[in-house]
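Enquirer: no FASTA, just this:
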């Protein structure tokens, strides 16, 4: 009876353990990477780009996180993200509606959107 109960508990907990591992930070390296979001992209559509940049562990679990948390609209631009960020922190950075874009003359321009009612 104890073995059956242990197996049931393990089967219930295993998906949660895997999920939280997959949305954790990829590494401890705090070096930032420039990540570009093109106009018209959504949080779900950038998953492959985040994976290629080494910022997330799994596109599948990233998409599950996005679907469960329903982040606000994504703004086009350049963001500086780190592989030490969890999926939650990456989404938070992208939701801030602040992006830095570097132009050839090395000037940085800061855009922000003020959302009324928030």
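Expert: Received, thanks. Keep in mind the model is a prediction, meaning the values are calculated, not measured. Numbering: from 1, shown residues only.
Enquirer: contacts, neighbours, all on C-alpha from now
Expert: Noted.
Enquirer: Give me the distance between residue 7 and residue 44.
Expert: 34 Å (C-alpha to C-alpha, to the nearest Å).
Enquirer: for residue 58, same thing?
Expert: Here the criterion is C-alpha to C-alpha. By it, residue 58 lies 12 Å from residue 44.
Enquirer: Over to residue 15?
Expert: Distance of residue 15 to residue 44, computed by C-alpha to C-alpha: 21 Å.
Enquirer: Which residue of those two possesses the greater neighbour count?
Expert: Shown here are residue 15 and residue 44; by other C-alpha atoms under 10 Å, residue 44 has more neighbours (15 against 11).
Enquirer: quick one, what contacts that one?
Expert: 62-63, 66 (C-alpha atoms under 8 Å, 6 or more residues apart in numbering).
Enquirer: switch the cut-off to 10 Å
Expert: When contacts are counted by C-alpha atoms under 10 Å, 6 or more residues apart in numbering, residue 44 touches 59-60, 62-67.
Enquirer: go on, residue 64?
Expert: When contacts are counted by C-alpha under 10 Å, 6+ apart, residue 64 touches 19, 23, 44, 58, 70.
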